[in-house]
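A.B. asks: here you go, sequence then predicted model.
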Amino acid sequence: MTAHRPGAVAAAADGSRPASPHRLPCGSTCRVDLSRPLSFDFLGRPMTGFAGDTVASALYANGVRIFSRSLKYHRPRGLYSIEGESATTYMAIDGVPNECAETTELRAGMSVRAQNVRGDPKTDRFGFIGAFERLMPAGFYYRLGHRPYSLWPLFQNGLRRMAGTGVLDPRREYRPGVRAERYLNVDVAVVGGGTAGMEAALAAAERGLRVCVFERRPWMGGHHAWRVREFEGKPLWQRASELEARVRATENVRVLTRSPVTGVWGENLVTGFTVGGDDDPFRECHWECRARTVVVAAGCMDRPLVFNHNDRPGVMQPGAAWRLARTYGVSPGKVAVVSVGDDLGLEAAVDLTRLGVEVRAVVDSRRRGHDPALLEELYDLRIPFRSRWSASRAKGGKHVTGCDVWGMSGIGPNSYTCDLVVANAGAQPRIGVLATVKAKLGYCRHTHSYQPVELPDDVFVAGSMTGLRDPGSITESGRLAGLRAAAFCRRQGTALDARRIGRAEPAGEAGPSSPGDNCPPALSAAIEKATSTLASRPGPVAGTGIFRGQGIGRGAKAFVDLDEDGTYKNVVESAAQGFDAPELAKRFGGFGLGPGQYRVTGQNLAMIMAAMGLDSGKATVPAPTTVRPPLVPPSLATLAGPPHDVHKRTPLHDEQTARGAIFRRMGPWERARYFSEDPSCRDEILGVRRNVGLLDSSPLGKFRIFGPDALNALQRVYISDMRKARPGRCMYSAMCNDMGQLMDDGVVVKESENGYYFTTSSARAGTTVEWFRYHTRYDGWDYHLVNITDVLGSLNLAGPNARRVLERVTRDDVSNDAFPYMGVRRITVGDGVEVRCLRLGFVGELSFELHVPSSYCQYVWGLLVDAGADFGMQPIGLEAQNCLRAEKGHIIIGAESEQRVILTDIGMGWMWDRRDTASKKVGAPALRACAEQPGRMKLVGFRVDEGSGSHRGDLEAAPGAQPGGGPGDGAVIVADGEVVGYVCTTRRSETLGWRYGMALVREEHAARGAGLNIYENLGSGRKSTCSATVVAPHFYDPRGERLRA
Amino acid sequence: MTFRLTCPVCGKRDVYEFTFGGQERGPRPGQEGLSAEDHFRWTQYRLIPYAPGEEWWYHAQGCGLWFKTTRDPATNREVEE
Amino acid sequence: MSGRDESAAAPAGGIARTGPIAPTAHRRSPVVFDANPATTEVRDGWTVALRYRHEEQHAGPLLVDLSHRRRWDYQDGSVATQRPMDLPVPREYGQVGVHGSLVINRMNRTQVAIWHLGDDPAPTPPPETAFTEITDGHCMLAFVGPEVPAVLEHLTSLDLFDPARATPFLTQGPVLHVPCQIVTFSSDLVIMTLARGYGEMFAHAALHSGALAGLRPGGEDAFKRAFARATATSACG
């Protein structure tokens, strides 16, 4: 990352001419490098900024004052905040809308445009709308334009066109750049790299803990980074800078700058993101940091003062004006009026004067509590100062030309001419992170801010957000938080963790070595010492409960929320409509729903509501509204993450690609579905029926089970009597769940005394081990499972010529006598590759399933392809297999079964060992209870009556739809106006010469010979129908002679 | 929402690594003379109190162990028994 | 082991076969790197890349395909008291024993994995039911060299470098959302196995994300050097 060293423009500050009329010589705190100009354009106008500028500071330095137009009233908006607290400077940067100019670092060649304007923000065509403020009271879009309802779309579309923020161009190709994601595991996550956060990090790191600091700015030091006041003989910025150097040099502290935290989730999962600098290989990097403890030292920000026209360009918060000058070396204005409510505001006024801004007057809404040293400085600088006064109105149209101030007691106004109004009501803590760690917040009447009343015991708070202002108190509170976090880790540590913390303890601190002990004495002593030091230093300073200037009248132009154009008047209206709690008003009036969220609006809204409660006799304290993540919005591309789709490929992927396979994702696998553009797979099907085909069925689940209790486990999960499994022979069986529904089917082969080999369907391979262990978890059985699905690929050689192909690659006897149907043999193929060969018949033909060690699959495929060449053998895909097995009446779980049917409903009840109760077979009690139940759905085969199908027209590509028409898979079966079932799979069979299918229908329609009316709604008023007759679901080779050939 | 579970073999891990196996409801009942009602009571009937309870979890992405842990649905965190 | 073939092509799983496969190189790794090997060797039916051309100029971390290394699964109800392939079973879950060229990982109460990582010929396990050869079921990858922790930060939330655990140690959990068995030998050597089917896409994704920390494909020689270093300093042995 580019180093942001303070003092970059020190040279330029030494009397030489500033680079632009708006640049100030601000010296050591400056982060802008005037020796590195960057050119960019704003609305096509070329401009120059410098390395270290943000887009906002560079625009401001180029004289841009109006950055956008507001959401509802199209009022001109300028730079009000400096770190994205409000949305006034959301702009389109390089075509990407809603980028926050205040936090986006300037890069050479950027193209910047204003949002929510027609043309230039100075001369916006919708600028007149502000005059119609009366027509847009709080919640007007909930109340106006809805009657008659037919007009609402018109109204809504009009609103959408005029309001809203950025515009996304759908024709533009958006290139998100590299988005990274990284994961961290730490003991202490520190949110905020100010002086408190840095001290906390050091205190924890010194005790051997792994620490990570999230800091949203490019540098650390918090508000001390731009303050030149001295503390203990050193300017604050220099103290901060020295502390930063120490933190960065500490090995077990990870410092993430430009990295705002977006939220803290269950058990301290801290999420945030880093915005890439020039040297970073990514645009944005998402972080997930699992922390044992969190130290929140997020600092404070300005709490806005609500007064008339407080949104005019030229009105800004003290933090914004001060940092514009101190951090970016940009003059915020020539002549200023300052109206504040805290000492930092007074300090800003003093500092701005020193930097050459003419401050006409400073008013402070507080009665007392001012830092006398600052008042003295104001006096020395001959700046008029009044306490208990505040700004009431900013004058001017497109920019501030003056300001009225009123005394809080009702005296006034005093008017000043100025081009800058610096105003706040006070300071407020950045409570976002506290809200996401589920701290309970309460209103503190001393600091007039929300403070944590109840904290989770692994979260610690430090720094200025607790109301501390004394730099020594701030660092000591950080130190204390770091020590407490270390003590928590020590207490909660497992034996393993405790060893680490014990081992890395600084000399003399090594506590008792046994795990589970409380804090070592040295750590306790350090905590006590830090506690007493903190107690001896100045505590939290008094805040002010004032939120608005005097004399603002109805406050129709006094903005509580700049993002959503919510005025003081709107808040009053909301309350009058009954939405008199902040959470209600927030929804009704939209206060705080804009991008700035709670930052500008939250506390003020609650304070206004509480004050109105007081007025009406209801004593209320300000209640915080809920703050939700993301606290700072990352881009959607960052949340989407790197473009990985890590899925499985079979060992034969490349071979099938070379043969023109079209792949589809099936669960985790990518599988060959077709080998041609013909969705009916005619050639593939006929190849198998008449000749021989080769299918890659590698995803088939393959397992070993062994151990003294292996048979017990098989008996538990399989529905058949598994004692019948024997060597050299495949036993076909199925697994049910506790409801008797079919879950899985496959074959089981006994391989040794207590060892078995079995297969499962591809979809169940991933959960088979889990299933076995779940259903035997109370039994303590001694059996072992090995998932060898990926150890063995599977090649299925099927068709009348299958044996002749196989004979060419093996010397073993594969004749029908030596190797009958349902047999299993170990045979050797090619140069000595030993494979398991299973004689099964899923597709209804003579077939051999070769289970080949995966690394040899390509070799064996090559052997078979060469051997089959003389027969014209072709590879086949899953769709061909699907048609072939359906012709045979073999079911696929999930296609011909579902949650309403049990094993006996789909014609597989013959597998069930009804007498066995001792094994406690999974599903057996449900089968017993339901097998004979009347009115169940049953699986039937059907034959579509010749010529009955209406043509499907243009939906030929739908599953099951074939030339010649007729409803496809999923069509419903109707009787007497009622749906009595549906089609599972239906195809037209080239082999049979007619259209067949399987359906689940109510029992009363399941009798052989019954007629079925099949209906499919094709949408847009089109439908497809046919009639069919129930037949036995074994359409092809019903006696199985071909399997046994 | 996210929380962690303590696998007896692997230690504390993200909940995403585990699959849920339901509340503890005792071993599978014997099937000799088991009434349908008792069977469905055991498989289907659930009382979910808003209080810590024993649950089964499977470390699917890790060691493949089914284990019991006591968790508080109010905080999602595991609690000491 | 056959002699080195300095001019051999990449150990790629060729798409279309051109001519008969050499009788000794029937086996294919799930992983195919898009890089030119400088040296390859045919071993036990596998074509093994020993070194890639870019390695000379590349000082960063390497991803090495070790899928050809033999591995066994061993399970027994009282595994702790057994000596599979004459190796002592580590006492604690997650402990790893290094015994010459064999590494034994204690996975849980009943299960260990045995990896053959050295130069000598792999031993043949006794014909017990409890052994399952799983070489072909896994993709095995080694992350070798500097910045390995930074690379792995991009791929997994698992704490693979917990300073509280003595190396080498085993972690079972997801990397790139794929369940893996991972052994941390040192900060410059981490080996993981995952289901073979994921291998190709996993390696692709690992190289893509790991590239941000400088990850490139590497040959087996780089792994051998790192393994020798890690086991020389390891406490287990």
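C.D. replies: Nice, thanks for sending it over.
A.B. asks: hmm, who's touching the longest helix anywhere in chain C?
C.D. replies: Ordering each helix of chain C by length in residues (DSSP state H) puts helix C:220-233 first. Outside of helix C:220-233, the residues within contact range by C-beta atoms under 8 Å, 6 or more residues apart in numbering or on different chains are C:39, C:48-51, C:55, C:62, C:64, C:66, C:98, C:117-119, C:142, C:144-145, C:167-168, C:185-186, C:188-189, C:237. C-beta here means a position set from N, CA and C on the backbone, and glycine is covered the same way.
A.B. asks: contacting residues for residue A:41?
C.D. replies: So residue A:41 contacts A:47, A:110-112 (C-beta under 8 Å, 6+ apart).
A.B. asks: and the residue nearest the centre of chain A?
C.D. replies: Compute the mean C-alpha point of chain A, and by C-alpha atoms, centre = their mean the closest residue is residue A:639, 5.0 Å away.
A.B. asks: what strand or helix carries that residue?
C.D. replies: Element membership for residue A:639 (DSSP states H and E) is helix A:636-640.
A.B. asks: what score does residue C:10 have for pLDDT?
C.D. replies: For residue C:10, the model assigns a pLDDT of 32.
A.B. asks: and residue C:84, how far is that from chain B?
C.D. replies: As judged by C-beta to the nearest C-beta, to the nearest Å, residue C:84 and chain B stand 18 Å apart.
A.B. asks: can you get me a residue count around that residue?
C.D. replies: 22 (other C-beta atoms under 10 Å in any protein chain shown).
A.B. asks: what is the residue lying closest to it once chain neighbours are set aside paired to in the beta sheet?
C.D. replies: Spatial nearest neighbour of residue C:84, chain neighbours left out: residue C:74 (4.3 Å); criterion: C-beta to C-beta, 6 or more residues apart in numbering or on different chains. Applying DSSP bridges to residue C:74 yields these beta-bridge partners: residue C:112, residue C:131.
A.B. asks: residue C:74 and residue C:108 touch, don't they?
C.D. replies: No - shown here, residue C:74 and residue C:108 do not form a contact pair, counting by C-beta atoms under 8 Å, at 12.0 Å.
A.B. asks: for the longest helix of chain C, what is the average pLDDT?
C.D. replies: Helix C:220-233 shows a mean pLDDT of 92.
A.B. asks: pull the contacting residues for residue A:785.
C.D. replies: Applying C-beta under 8 Å, 6+ apart to residue A:785 gives the contacts A:703-705, A:768-769, A:772-773.
A.B. asks: list the residues that contact residue C:170.
C.D. replies: For residue C:170, the contact set (C-beta under 8 Å, 6+ apart) comprises C:94-96, C:105-107, C:181-183.
A.B. asks: and chain B, which of its residues are near chain C?
C.D. replies: The interface of chain B toward chain C, taken as C-beta under 8 Å from any C-beta of the partner chain, is made up of B:9-10, B:13-14, B:16-17, B:59-65.
A.B. asks: narrow the residues you listed to those that are buried.
C.D. replies: B:9-10, B:13-14, B:17, B:59-65 (16 or more other C-beta atoms under 10 Å in any protein chain shown).
A.B. asks: near chain A, from those?
C.D. replies: Counting by C-beta under 8 Å from any C-beta, B:14, B:60, B:64-65 from these sit close to chain A.
A.B. asks: out of those, which sit inside strands?
C.D. replies: residue B:14 (DSSP state E).
A.B. asks: columns pLDDT on top of the ones next to chain A among the buried ones among the residues of chain B next to chain C, output as CSV?
C.D. replies: As requested, those are exported to CSV (pLDDT from 0 to 100):
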residue, pLDDT
B:14, 94
B:60, 96
B:64, 95
B:65, 95
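A.B. asks: OK, contacts around the closest residue to chain B within the stretch 301-450 of chain A?
C.D. replies: Nearest residue of the stretch 301-450 of chain A to chain B (C-beta to the nearest C-beta) works out as residue A:438 at 9.1 Å. Residues counted as contacts of residue A:438 (C-beta under 8 Å, 6+ apart) are residue A:456.
A.B. asks: need the three-state assignment for residue C:103.
C.D. replies: State at residue C:103, reduced to three classes by DSSP: H, G, I helix; E, B strand; the rest coil: strand.
A.B. asks: many thanks, have a good one.
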